Structures are given as structure tokens and as C-alpha cells.
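> Here is my input; please provide its structure:
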Amino acid sequence: MAPRQLTLDLPVETRFGREDFLVSPSNADAFETFEAWPAWPDRVLLLLGPTGAGKSHLGAIWAARSHAQVLPATALVGADVSALAAEGPLLLEDVDTARGVEADLFHLLNLVRNSAHGWLVLTARSWPDGWGLRTPDLLSRLRLAPAVEIAEPDDALVRAVLVKHFIDRQLVVDTTVVEYLAMRIERSLDAARQVVEALDREALMAGRRITRPMAGEVLRALETAR
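Here you go, the predicted structure:
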């Protein structure tokens with residue numbers, strides 16, 4: 001058996017540029033909506049979709065273009081909401097999981113809608129009715145806000161993301177490896193990133209090229225580790 005090599009766990013930068021966003025039927029509507037900014041019908045927009053679908057990436061593209069602040073929704077707790085609204089565009093992530101922010105979020109929505117230069121994007125996994133909100137007026141305003149959804153990544157997008165991550169790591173793999181992985185990992189962009197990272201480490205440690213048997217071993221190891 002060949003000796004396994006030690007590896008340096010050097011980070012590979014996750015790139016959130018516009019050129020790195022891969023458009024497919026699952027995200028095309030959302031992408032086109034953000035491309036149309038600032039010609040939006042409202043100053044508030046909900047960006048909805050499952051975990052790992054690309055909400056953060058699309059939000060980061062808009063934030064770079066609009067010079068928006070990017071904050072977790074939990075940052076509203078104890079924040080000066082008036083100051084946040086006055087500073088310009090704002091992206092709040094994971095609003096559906098934030099607790100204790102309803103009063104501040106309600107205030108923020110009103111401030112942004114009455115602002116001359118304010119914009120607010122809220123990301124969440126589901127529609128507002130599923131957030132467990134206890135403030136009827138807040139729920140009513142969120143229901144009226146325009147929303148765009150990113151669907152679970154389709155097969156073509158999963159394949160493309162796998163290929164992109166292999167290229168980013170300067171890894172050469174056979175197309176059969178990509179097909180094998182695409183049919184077996186969960187439909188998540190994060191899952192595609194994680195399996196390529198794990199394969200990169202395994203290939204370096206074993207001193208071997210990435211093959212289908214190696215991909216199978218890594219997938220089983222990742223499943224066991226969950």
C-alpha cells in the first residue's frame with residue numbers, strides 16, 4: 001500500500017462574483033430580477049429558496065453592485081434600525097430563523113419604504129407564512145412584498161458547479177466522475193463544494209488521481225460523518 005501523504009489544509013477562496021454565478025432554469029428568474037435592479041416595483045424584495053441553492057451568492061452580487069450592507073437578520077437585535085435604514089441598501093440573511101427581531105424588522109420595513117434611497121433584500125428558506133411570526137402587521141407587509149424564488153438546483157446546475165469547483169482547485173477528473181457525483185449528492189451547491197473539497201484532500205493524501213472508486217469512498221465517508 002502506498003504511504004499516505006500529509007496535506008496542508010490551504011483554504012480555497014469562495015468567489016461570489018457575478019461571473020461565478022451559474023445560471024440555470026432553477027435560478028434564472030431570480031437572477032433576472034436582480035439584474036433588473038433598481039427597476040424594481042418595491043424597495044423591499046424577498047429572496048426565497050432552500051439552503052444551498054445560491055441565495056447568498058446572488059445576494060452578494062447585488063450587494064456589490066448596490067453597495068449594500070450584508071448582515072444576518074439576528075443583527076437587528078439591539079441595532080439602531082433608523083441608522084441602518086439611513087445608510088442605504090441592506091441585505092438581511094436568514095430572516096426566517098431569526099428570533100426577537102419582529103418589532104425591529106417591522107420598523108425597518110416602514111423606514112425603507114419611505115426612504116428616498118433605501119433598499120432591503122431579505123433572504124429566507126420559505127414564504128413568510130412559515131416563519132412563525134406573531135406580529136400580524138409585519139406578516140401582512142411581508143405578504144405584500146415582491147418575492148422571487150430560487151429552486152433546488154437542477155441536475156445541469158449540480159454538474160456545472162461540480163466542474164467549476166474542480167477547475168477552481170486545478171483538479172483534472174474524468175466526466176464519468178462528475179456524472180457519478182451529480183447523481184448521488186444531495187441537491188445543494190454546498191454539497192457539491194464539500195465533496196470536491198473532500199476529494200481534493202483524499203487525492204493529495206493518497207497521492208492518486210480522482211477516480212470513481214475514490215469518489216464512492218469519499219461519499220460513504222461523508223455520509224458516515226453526518
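
> Flag the shaky bits of this protein, pLDDT-wise.
Along the chain, segments meeting pLDDT under 70 span 1-16.

> make it 80
Applying pLDDT under 80 to the predicted model, the residue ranges of the chain that meet it are 1-19, 226.

> got the CA coordinates for stretch 178-197 in PDB?
The C-alpha trace of stretch 178-197 is given here as PDB (Å, rounded to 0.1, in the frame of the first residue of the first chain):
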ATOM      1  CA  VAL A 178     -18.700  14.200 -12.400                       C
ATOM      2  CA  GLU A 179     -21.800  12.200 -13.500                       C
ATOM      3  CA  TYR A 180     -21.300   9.700 -10.700                       C
ATOM      4  CA  LEU A 181     -21.200  12.500  -8.100                       C
ATOM      5  CA  ALA A 182     -24.000  14.500  -9.600                       C
ATOM      6  CA  MET A 183     -26.400  11.500  -9.400                       C
ATOM      7  CA  ARG A 184     -25.600  10.800  -5.700                       C
ATOM      8  CA  ILE A 185     -25.000  14.000  -3.700                       C
ATOM      9  CA  GLU A 186     -27.900  16.000  -2.300                       C
ATOM     10  CA  ARG A 187     -29.300  18.800  -4.500                       C
ATOM     11  CA  SER A 188     -27.300  21.500  -2.800                       C
ATOM     12  CA  LEU A 189     -24.500  23.800  -4.000                       C
ATOM     13  CA  ASP A 190     -22.900  23.400  -0.600                       C
ATOM     14  CA  ALA A 191     -22.900  19.600  -1.000                       C
ATOM     15  CA  ALA A 192     -21.100  20.000  -4.400                       C
ATOM     16  CA  ARG A 193     -18.400  22.200  -2.800                       C
ATOM     17  CA  GLN A 194     -18.000  19.800   0.200                       C
ATOM     18  CA  VAL A 195     -17.500  16.700  -1.900                       C
ATOM     19  CA  VAL A 196     -14.900  18.300  -4.100                       C
ATOM     20  CA  GLU A 197     -13.000  19.600  -1.100                       C
END
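
> residues of that stretch that come out buried?
Across stretch 178-197, burial judged by 16 or more other Cβ atoms under 10 Å covers 178, 180-182, 185, 187-189, 191-197. Any C-beta I mention is one placed from the backbone N, CA and C, and that applies to glycine too.

> ok, and what's touching it?
Contacts of stretch 178-197 with the rest of the structure, by Cβ atoms under 8 Å, 6 or more residues apart in numbering, involve 12, 14, 50-54, 57, 152-155, 157-159, 161-163, 165-166, 169, 171, 212, 215-216, 218-219, 222.

> Compute the distance from the centre of it to the centre of its chain.
Averaging C-alpha coordinates over stretch 178-197 and over its chain gives two centres that are 15 Å apart (Cα atoms, centre = their mean, to the nearest Å).

> related to what we said a few turns ago, can you list which of the contacts of stretch 178-197 are found in helices?
Under the assignment DSSP state H, the contacts of stretch 178-197 contribute 57, 155, 157-159, 161-163, 165-166, 212, 215-216, 218-219, 222 to helices.

> if we can go back for a sec, select only the buried ones of the contacts of stretch 178-197 in ChimeraX?
Buried members of the contacts of stretch 178-197, identified by 16+ other Cβ under 10 Å, are gathered into one ChimeraX selection as follows:
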select :50,52,53,54,57,153,157,158,159,161,162,163,165,166,171,215,218,219
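
> Thanks again, I'm all set now.
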